[in-house]
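Chemist: show me how the following folds:
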Amino acid sequence: VAGAGLTGYKMKKRVGAVDEFRFEPLVGGDKLRADSVTRQLHITIAVTGWLSDKQRDFKLPWETLAESREQYVLCWETKYLVQMGEALSYIFNSAMTMAAKEALKFTVLRGLLAAITWPSTLLAVAGIIDNPWSVALQRSQAAGKMLAEVLLAREQGNRPVTLIGYSLGARVIFSCLEELSKRKGSEGIIEDAVLLGAPAPGDPKVWATFARVVSGRIINGYSRKDWLLKFVYRTSSVQLRIAGLCPVKWDDRRMHNIDLSAVVSGHPDYVQNLNMILNAVGVKSRTKDLTDSSTMSSLTATSLSKSWDSTAMDDLSSSDDEMLEDTRKKMSEEKITHSDFKL
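Modeler: Alright, predicted model coming up:
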């Protein structure tokens, strides 16, 4: 169990495209039972997906995380994550009307991903999100490989590790698992891996390679309503499945697909509703009280019972139908029709 804490890790040299890479401690799970030996030997690493100019604190999104008694946040590439966050804010708060955003949710929800012709207002500002997204995505892949090197070097000692991240943070984890799966001595290093809204391929053949690395659960939390994630992949092949948008069809005891569509209507919701999401995917947090327990119960029940077969993307719950009706009204009020999206 011996080994220097991750906070003592120093990046000895610039590796690849990574300029910033360090660990900072999070407040531990002080409400967890201290008599659990397994839990005491276990550590958690959280990976933030983006920042903003006003909020550059990597720890803030994870302030309620209580998955283990020793927890860390990975601080990586602040400059590029801030640029990413500012672009997200502009797209959601300035570039599009509420009706247009609702119409996009309607389109993605119906599973008509390949049929979307994006609204001109969004395409006009595409460069604002495309450029920082592309750069941050490349950096996340490099950071993931560096994380794999740290874990292989046993900087954490010989203790099992849980990785959890959202958005580009989930891509860091995906890249880390990919690298570990190719390396000797990586068996069982990871206990659980939780990827939320992951901008990563959903190819089950790729995810299956993680089996030798992860001994516990591999959780893919996705939302069918995340139109922004679809937008940044709009030029990709129609056949490309994105893990953050749909289930990963890998039939294995480790693989858990959790449909978060009830609480994630857009990419920013992964931060705004993170505590609710943590509860939904089975990650412990210090604040269990949710503002809408009925939504939480519905979400959990749907997640556990939802099959990940080919028809899952087209299934609509009654709450989805209500949302679609509201969308039609808003679109009518602002004179937006389905023809604007050329479905």
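
Chemist: what ranges do the helices span in the stretch 151-300 of the chain?
Modeler: With DSSP state H, counting those that start in this stretch as the criterion, the stretch 151-300 of the chain has helices at 168-181, 204-208, 227-232, 269-272, 274-280, 293-305.

Chemist: for the stretch 1-150 of the chain, which segments count as helices?
Modeler: Ranges of helices in the stretch 1-150 of the chain, per DSSP H, counting those that start in this stretch, are 37-40, 78-90, 98-109, 120-124, 126-152.

Chemist: tabulate those (CSV), appending mean neighbour count, distance to Pro201 and mean pLDDT.
Modeler: For glycine as for every other residue, the C-beta is placed from the backbone atoms N, C-alpha and C. As requested, the helices of the stretch 1-150 of the chain are exported to CSV (neighbours: other CB atoms under 10 Å; distance: least, CB to CB, whole Å; pLDDT from 0 to 100):
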stretch, mean neighbour count, distance to Pro201, mean pLDDT
helix 37-40, 12, 33, 45
helix 78-90, 20, 20, 95
helix 98-109, 21, 18, 61
helix 120-124, 12, 24, 81
helix 126-152, 20, 12, 95
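
Chemist: in a markdown table: the ones you listed, plus distance to Asp203.
Modeler: A markdown table is the format used below for these (distance: least, CB to CB, whole Å):
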| stretch | distance to Asp203 |
| --- | --- |
| helix 37-40 | 33 |
| helix 78-90 | 25 |
| helix 98-109 | 20 |
| helix 120-124 | 27 |
| helix 126-152 | 16 |
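
Chemist: am I right that Val213 is in contact with Glu178?
Modeler: No. Applying CB atoms under 8 Å as the test, Val213 and Glu178 come out as separate, 9.3 Å apart.

Chemist: which one of these two has more residues nearby?
Modeler: Taking Val213 and Glu178 together and counting by other CB atoms under 10 Å, Val213 has the greater number of neighbours (23 against 20).

Chemist: so what's that one up against?
Modeler: Leu177, Leu180, Ser181, Ser186, Glu187, Gly188, Ile189, Ile190 (CB atoms under 8 Å, 6 or more residues apart in numbering).

Chemist: gap between the residue nearest to Leu229 when sequence neighbours are not counted and Ala46?
Modeler: Nearest non-adjacent residue to Leu229, counting by CB to CB, 6 or more residues apart in numbering: Gly244, 5.1 Å away. Distance, Gly244 to Ala46, using CB to CB, to the nearest Å: 17 Å.

Chemist: least confident secondary structure element in this protein?
Modeler: In the chain, no helix or strand scores lower on mean pLDDT, DSSP states H and E than helix 293-305, which sits at a mean of 38.
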